[in-house]
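> sharing a model that was predicted from the sequence below.
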Amino acid sequence: RKEVEQDPGPFNVPEGATVAFNCTYSNSASQSFFWYRQDCRKEPKLLMSVYSSGNEDGRFTAQLNRASQYISLLIRDSKLSDSATYLCVVILGDSGYSTLTFGKGTMLLVSP
Amino acid sequence: GAGVSQSPSNKVTEKGKDVELRCDPISGHTALYWYRQSLGQGLEFLIYFQGNSAPDKSGLPSDRFSAERTGGSVSTLTIQRTQQEDSAVYLCASRREGNTEAFFGQGTRLTVV
């Protein structure tokens, strides 16, 4: 089993739609979780952290389910500008040494 | 600087030549990572530096690849005797201690002809 798995997509949705992505991780000791966004031919950029209690940032909601070892990202009212690849990231380890593992990403295409 | 800086932004080299890619992390960030991304693919982990600890080299694809980090700051990734399959974008990221997010440089696009 891969350490961090995502559905590669693409997810094709119309503007205004709600879309959700999941990401599963294999190591139950993983400590921190993030969603990154990567535009075509650009570097990944942090979209949001994922907290145990769940967190929201505007149209974006992130959830963590430790029991089932997955994180999710919900995007409401999709915009054309949301078209990108969304990467989930898992951190394992303490402050002295920690690995950073990326999923391969889920591509989202929002159409007019 | 304000962000992670990588140079050069683009590099075209002939097969068999050596190349050096540079990463200047955010000041104070103790962790530094190198990744490689081929067109349309995910991030491939190469190497991880954490403070003064021995680096995690488990992702380096062959002994033609090496990296160092001098003084806990700037890092150089060296590829010897480049091959066409080395063509990719090489991304560097840095982060502070603790469970914090990583910040990426804009990458070096390497093309081996």
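Sure thing, it's come through.
> so which strand or helix has the closest residue to A:Gly105 other than its chain neighbours?
With sequence-adjacent residues excluded and distances taken as C-beta to C-beta, 6 or more residues apart in numbering or on different chains, A:Gly105 is closest to A:Thr85, at 4.1 Å. For the C-beta atoms, the positions are set from N, CA and C on the backbone; glycine is no exception. Assigning secondary structure by DSSP states H and E places A:Thr85 in strand A:84-94.
> which residues sit against that strand?
Contact with strand A:84-94 is made by A:3-4, A:6, A:21, A:23, A:25, A:27, A:29-40, A:44, A:47, A:71, A:73, A:98-108, B:42-43, B:99, B:101-102, as judged by C-beta atoms under 8 Å, 6 or more residues apart in numbering or on different chains.
> ok, now how distant is A:Leu109 from chain B?
Per C-beta to the nearest C-beta, to the nearest Å, A:Leu109 is found 14 Å from chain B.
> each with direction, which strands does the one helix or strand that residue maps to pair with?
Element membership for A:Leu109, per DSSP H and E: strand A:106-111. Here strand A:106-111 is paired, per DSSP bridges, with strand A:11-14 (parallel), strand A:84-94 (antiparallel).
> now the longest one - C-alpha only, PDB.
Read that as strand A:84-94. Presented in PDB, the C-alpha positions along strand A:84-94 are these (Å, rounded to 0.1, in the frame of the first residue of the first chain):
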ATOM      1  CA  ALA A  84      -5.600  22.900 -10.500                       C
ATOM      2  CA  THR A  85      -4.100  19.800  -9.000                       C
ATOM      3  CA  TYR A  86      -4.700  19.300  -5.300                       C
ATOM      4  CA  LEU A  87      -2.000  17.500  -3.300                       C
ATOM      5  CA  CYS A  88      -2.400  16.100   0.100                       C
ATOM      6  CA  VAL A  89       0.600  16.000   2.400                       C
ATOM      7  CA  VAL A  90       1.300  14.000   5.500                       C
ATOM      8  CA  ILE A  91       4.000  14.700   8.000                       C
ATOM      9  CA  LEU A  92       5.400  11.900  10.200                       C
ATOM     10  CA  GLY A  93       7.800  12.400  13.000                       C
ATOM     11  CA  ASP A  94       8.800  14.900  15.700                       C
END
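> understood, closing this out.
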